[in-house]
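Novice: following is a predicted model, sequence given first.
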Amino acid sequence: MGEYMYFVCFLLVFGVRVNAEIERPRGVSISMASKYEPNNKQTFQCLDGSAQIPYEHLNDDYCDCADGSDEPGTSACTNGRFHCTNAGYTPKNIQSSRVNDGVCDCCDGSDEYEGKIECVNNCKELGKKLREEQDEKRRLHEEGFKKREGFIAEASTLMEGKKLKIKELETEKAEIQEKLKELEGKKTEAEGPEKEAKDKHEQAWKEQKDAREKERQAGKAREAFDDLDLNKDGFVDVFEIIPHLEFDIDSNGIVSEEEAKEHLEDHEKVDYEEFSSKIWGNIHSIYKKLVPDEPQQVTPPPVEPQGDTGVPVPTEEPQATRHLTPLPDEGDDFDDEDDEDDDDDEKSLLETTTSSYSEELPSGEDLFPPEVKEESAEEDKMPEYDEETKALIAAADEARKNYEEADKRSRDIDGEITTLTSYLNTDYGKDQAYAVLRDNCYEYTDREYTYKLCPFSTASQRPKSGGHETNLGRWGRWENDKTQVYDHGQNCWNGPDRSVKIHITCGPDHQLTNAYEPSRCEYAFDFITPCACDQHSQPQVKNLHEEL
Ligand code: MAN
């Protein structure tokens, strides 16, 4: 037998088929063919180097190598791999256990060579479909790439516009600063006479009010004096003070003579003049008028037994109850036998007066009917300014308004410049293309939440069923040219501050296509945009004839 015939027989015997390009054992890819080259070798080295076996043991349906490399075309090794060439489509490696298992795994049907099942070779159709898909991807990429070119130009115009705007604002700001100085001067100029006129008017009003108040107090002092002067002798004395429990300094329920005297500035009695000039000022805020119609258990003051003159003398001990009516005139007759009973009466009256005066008696002010109060409130209102003052106020108001408007504009300009500067200082990626995404927001809704991305600003989440929005993070940085980080979002209970990573890929439009939470409160968004369609990310079109 010639050498050639010997080789052909060898191939047939050992399951080695002749490929149009390179001959190799069944289930071996072209790239691996050299490792299975027989040449003059009589042995095959397992690919993991673990053993050497006679060459004829290749694909003999018995597993010799630990890595299964001696049985690429049979199902003998559980860990073996079978290579389908799938000409016209993409090659594929399948587990060798699937070889001849009655299921078509390769589109060229090469895994079912024993014929347990008839496999239709549909690699060409699949290849056509794949090519169409890849063409479409390429087309979309091209479209995205063109859009991106437009965005770059747009971003550049946008940036230039913003730079120009900053310059304009700075010029306006300088002008306004000048104007503000002038307006401040005018304001100060107008406010001087305004203040002077207002002060004059208010001072005159104050004087008028004070005089009226003085008069009012005088009237009240007169009234109180007349009320207090129960016996109408032209004096208010210690015993006329005693029934007024509001003068009980130590809050023991009775007004002692000493307490009464203290209120009378250490006098036993005072006339009206002294009362109105010295006493009333100190007591008017606590003084309460006795209710005249209140039924009173009046008990005459205990008296010392009548002296030689027959005139009753009040005891030393002050009696809180005895002066609700005028003191008996000198010479009034009192029955001595009633003294003991009087003590009891005094006690019960004391209780009555203590509670009724401290809790129920209206204050002096409340004794005035509402119309009197209204009248006095009306009186307390300052009269309108005169016409001249009104004109000065109007002029000052105008000057203030002009100044405040200019001042507000100046502050607004500062704000606008800050916003524009922050806009310009942001990194919008290669060629600034991503700048067009700023000031826009994109949403994606899953089963539970609607997620929102406002590029270079914020990321958030809100429940579909309603409820408040949760801040997932504010613009942070580019992690790489296709990944953005938004961080320092709302704190997660017992966890980190929320944050999001945005994975950006090329697409025909700007769209948030997915949002998920790989780990609690750490989110990931998928975002497609033409901004990412730069040349480097063009889809790799698979060589359909390439083998793995
Ligand atoms: C909210 C959402 C969730 C998050 C939990 C954490 O329900 O923000 O995404 O996992 O809070 O408690």
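Specialist: Received the coordinates, thanks.
Novice: every contact and neighbour count from this point should use C-alpha atoms.
Specialist: Will do.
Novice: for the residue in the stretch 301-450 of the chain that the ligand sits nearest to, give me phi and psi.
Specialist: Closest approach between the stretch 301-450 of the chain and the ligand, counting by Cα to the nearest ligand atom: residue 449, at 8.4 Å. Reported as degrees, to the nearest 10, the phi and psi values for residue 449 are phi -130, psi 160.
Novice: what about it, how many neighbours?
Specialist: Neighbour count for residue 449, taken as other Cα atoms under 10 Å: 18.
Novice: do a quick rundown of the strands in the stretch 201-350 of the chain.
Specialist: Remark: strands assigned in the stretch 201-350 of the chain by DSSP state E, counting those that start in this stretch are 235-237, 269-271, 303-304, 313-314.
Novice: any idea how far apart the tips of stretch 104-117 sit?
Specialist: One end of stretch 104-117 sits 8 Å from the other (Cα to Cα, to the nearest Å).
Novice: any idea of the mean pLDDT for it?
Specialist: Rounded to a whole number, the mean pLDDT of stretch 104-117 is 95.
Novice: buried residues, it. List them.
Specialist: For stretch 104-117, the neighbour count (16 or more other Cα atoms under 10 Å) marks 104, 105, 106, 107, 108, 109, 110, 111, 112 as buried.
Novice: before we move on, the earlier item: and the residue of the stretch 301-450 of the chain closest to the ligand, what is it in contact with?
Specialist: If you count contacts by Cα atoms under 8 Å, 6 or more residues apart in numbering, residue 449 has them with 461, 462, 463, 464.
Novice: and stretch 444-464, how far out from the chain's middle?
Specialist: Stretch 444-464 sits 17 Å away from the centroid of its parent chain (Cα atoms, centre = their mean, to the nearest Å).
Novice: first-to-last residue distance for that stretch?
Specialist: So stretch 444-464: terminal residues 11 Å apart, Cα to Cα.
Novice: flag every buried residue along that stretch.
Specialist: 444-445, 449-456, 458-463.
Novice: okay, now the unreliable bits of the stretch 351-500 of the chain?
Specialist: Applying pLDDT under 70 to the stretch 351-500 of the chain picks out residues 351-377.
Novice: how about the helices in this structure?
Specialist: For the chain, applying DSSP state H gives helices covering 3-13, 30-33, 123-228, 238-241, 257-263, 272-274, 280-283, 339-355, 370-380, 387-424.
Novice: so which bits of stretch 135-142 are buried?
Specialist: 137, 138, 140, 141, 142.
Novice: quick check: residue 191 vs the ligand, distance?
Specialist: Going from residue 191 to the ligand by Cα to the nearest ligand atom, to the nearest Å gives 56 Å.
Novice: who are the contact partners of the closest residue to that residue other than its chain neighbours?
Specialist: Residue nearest to residue 191 in three dimensions, not counting chain neighbours: residue 396, with 5.4 Å by Cα to Cα, 6 or more residues apart in numbering. The contact partners of residue 396, by Cα under 8 Å, 6+ apart, come to 187, 190, 191, 194.
Novice: same thing but at 10 Å, please
Specialist: By Cα atoms under 10 Å, 6 or more residues apart in numbering, the residues touching residue 396 are 186, 187, 188, 189, 190, 191, 192, 193, 194, 195, 390, 402.
Novice: now residue 492
Specialist: 472, 498, 499, 520, 521, 522.
Novice: out of those, which touch the ligand?
Specialist: 520, 521 (Cα under 6 Å from any ligand atom).
Novice: please, a ChimeraX command that selects the buried ones among the contacts of residue 492?
Specialist: Entered in ChimeraX, the line below selects the buried ones among these, by 16+ other Cα under 10 Å:
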select :472,498,499,521,522
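Novice: quick one: name the residues of the chain near the ligand.
Specialist: Contacts of the chain with the ligand, taken as Cα under 6 Å from any ligand atom, map to 492, 493, 520, 521.
Novice: now the nearest residue to residue 271 once chain neighbours are set aside: how far from the ligand?
Specialist: Setting aside the residues directly before and after it, residue 271 is nearest to residue 235 in space (Cα to Cα, 6+ apart), at 4.6 Å. Distance, residue 235 to the ligand, by Cα to the nearest ligand atom: 82 Å.
Novice: tell me the spacing between residue 235 and residue 229.
Specialist: From residue 235 to residue 229 the distance is 6 Å (Cα to Cα).
Novice: spell out which residues are contacts of both of the two.
Specialist: Residues touching both residue 235 and residue 229 (Cα under 10 Å, 6+ apart): 270, 271, 272.
Novice: list the contacts for the nearest residue to residue 119 once chain neighbours are set aside?
Specialist: Nearest residue to residue 119 in three dimensions, chain neighbours excluded: residue 109, at 5.0 Å (Cα to Cα, 6+ apart). If you count contacts by Cα under 10 Å, 6+ apart, residue 109 has them with 84-86, 100, 103, 115, 117-123.
Novice: of these, just the buried ones, ChimeraX syntax please.
Specialist: What follows is the ChimeraX syntax selecting those of those that are buried according to 16+ other Cα under 10 Å:
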select :84,85,86,100,119,121,122,123
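Novice: looking at the contacts of residue 109, which one is closest to the ligand?
Specialist: residue 103 (43.5 Å).
Novice: give the contact list for the closest one.
Specialist: The contact partners of residue 103, by Cα under 10 Å, 6+ apart, come to 109, 111, 112, 116, 117, 118, 119.
Novice: how about a cut-off of 6 Å?
Specialist: Listed by Cα atoms under 6 Å, 6 or more residues apart in numbering, residue 103 has no contact partners.
Novice: residue ranges with poor pLDDT in the stretch 1-150 of the chain?
Specialist: Checking the stretch 1-150 of the chain against pLDDT under 70 turns up 1-21, 39-41.
Novice: sketch out the strands for it, chain order is fine.
Specialist: Ranges of strands within the stretch 1-150 of the chain are 16-17, 24-25, 43-45, 52-54, 81-84, 92-95, based on DSSP E, counting those that start in this stretch.
Novice: okay, those strands in CSV with distance to residue 128 next?
Specialist: Listed next are the strands of the stretch 1-150 of the chain as CSV, based on distance: least, Cα to Cα, whole Å:
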stretch, distance to residue 128
strand 16-17, 27
strand 24-25, 27
strand 43-45, 39
strand 52-54, 42
strand 81-84, 18
strand 92-95, 17
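Novice: how many other residues sit next to the nearest residue to residue 166 once chain neighbours are set aside?
Specialist: Leaving aside its chain neighbours, residue 166 sits nearest to residue 417 (5.9 Å; criterion: Cα to Cα, 6+ apart). When neighbours are defined as other Cα under 10 Å, residue 417 has 20 of them.
Novice: grab the nearest non-local neighbour of residue 433.
Specialist: Nearest to residue 433 is residue 152, by Cα to Cα, 6+ apart, at 4.5 Å.
Novice: tell me how many other residues surround that neighbour.
Specialist: Residue 152: 20 neighbours (other Cα under 10 Å).
Novice: isn't it up against residue 430?
Specialist: No: at 9.1 Å, residue 152 does not count as touching residue 430 under the criterion of Cα atoms under 6 Å.
Novice: any idea how far the closest residue to residue 524 other than its chain neighbours lies from residue 442?
Specialist: What sits nearest to residue 524 in space, not counting adjacent residues and going by Cα to Cα, 6+ apart, is residue 501, at 4.8 Å. As judged by Cα to Cα, residue 501 and residue 442 stand 15 Å apart.
Novice: no further questions, thank you.
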